[in-house]
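**Student:** Compute the structure for the input listed below.
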Amino acid sequence: MCTVIVHVPASVGEPLRLLAVRDEDPARPWDAIGPWWPETYPGVVGVRDVRAGGAWLAADPDEGRLAVLLNRADVETIPDDAVRSRGGLVLESVAGRSPGEHPPTHGFNLVEVAGTRVSVTTWDGTDRRAVQLGPGTHMIAHDDVDDAATPRIARWLAPFTEAHTAPATDASAPAVADLDEPAGTPPGDWFAPWLALLEASADLPPTDDEAIIRDNRPHGYPTLSLLVCTATIGPDGVELAYGAFDEPGRWNRPDLA
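**Tutor:** Numbers count the residues shown, from 1 in each chain. Take a look at the predicted model:
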């Protein structure tokens with residue numbers, strides 16, 4: 001039940017911007033962003049799932065590609081011994097290979113970025129769909145893109161859109177523009193308003209349906225929000241930043257590096 005916010009630029013000269021919050025079982029080990037696949041995927045960096053060896057988020061900076069995976073419920077029950085890890089889809093995507101018509105995995109939403117083009121491939125165990133995202137700010141969780149039936153999207157998509165477009169010096173801008181910039185964020189960095197808004201959203205209990213920083217255990221999943229990544233994708237490639245929370249499911253202003 002991860003969350004991704006992405007701004008697709010309207011012009012070629014504007015960079016694409018993405019923020020992703022990862023929800024996972026804290027007992028499942030992971031490695032921070034690094035070049036963990038030098039032989040099979042040279043040049044690729046990402047957040048590695050230690051158990052299965054794949055990635056939750058990965059990028060090929062030289063090629064301007066990035067992919068991030070969000071879990072999605074299966075329409076039909078698929079036995080675990082009949083599926084492969086979804087983390088391999090992320091690595092294949094940044095190598096230029098999108099999922100086929102019948103991925104041998106549990107359900108997912110796969111956000112795929114190539115330059116300033118963004119698509120979301122959806123698989124629910126029965127049907128595969130792909131949608132291209134138009135210019136503007138979009139939000140993806142465990143259902144469809146910008147799905148108003150998803151409480152956190154209904155609550156936060158408009159504020160994230162306003163936070164991206166409103167000048168911080170505009171006195172009439174939404175209140176999110178007046179929030180303090182998060183620690184570890186150089187003044188003027190593009191993601192400062194988004195991170196400030198993410199921090200403001202953490203005033204909600206992590207078990208609230210509208211929360212972005214989450215504790216999903218009451219909903220039947222052993223997952224909590226563990227970390228946040230930001231990405232800027234432009235003519236010079238991909239710039240990534242990573243920060244883990246001190247306590248799963250609790251916001252603490254991570255130092256992004």
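**Student:** Now do the strands in the stretch 151-257 of the chain.
**Tutor:** Assigned by DSSP state E, counting those that start in this stretch, the strands in the stretch 151-257 of the chain fall at 224-234, 237-244.
**Student:** Partner strands of the last one, with direction?
**Tutor:** It stands for strand 237-244. Strand 237-244 has the following strand partners under DSSP bridges: strand 224-234 (antiparallel).
**Student:** Report how many residues lie close to the residue lying closest to Val50 once chain neighbours are set aside.
**Tutor:** Excluding its sequence neighbours, the residue lying closest to Val50 (Cβ to Cβ, 6 or more residues apart in numbering) is Pro29, at 4.1 Å. All C-beta atoms are positioned from the backbone trio N, CA, C, and that covers glycine. Using other Cβ atoms under 10 Å, Pro29 is surrounded by 11 other residues.
**Student:** what's the pLDDT at Pro29?
**Tutor:** According to the prediction, Pro29 has pLDDT 97.
**Student:** Distance-wise, check it relative to Gly53.
**Tutor:** Distance, Pro29 to Gly53, by Cβ to Cβ, to the nearest Å: 12 Å.
**Student:** same check, this time on Ile33
**Tutor:** According to Cβ to Cβ, Ile33 stands 16 Å off from Gly53.
**Student:** And the two? Which one has more around it.
**Tutor:** Ile33 (19 against 14).
**Student:** and that one, how far is that from Leu256?
**Tutor:** Using Cβ to Cβ, which is the criterion applied here, Ile33 is 11 Å from Leu256.
**Student:** which neighbours do the two share?
**Tutor:** Taking Cβ atoms under 8 Å, 6 or more residues apart in numbering as the contact rule, the neighbours common to Ile33 and Leu256 are Tyr242.
**Student:** which residues sit against the lengthiest helix in the chain?
**Tutor:** For the chain, the longest helix by residue count, based on DSSP state H, is helix 151-165. With Cβ under 8 Å, 6+ apart as the test, helix 151-165 has contacts from 3, 5, 7, 17, 136-139, 141, 146-148, 173-174, 176-177, 193-194, 196-197, 201, 209-212.
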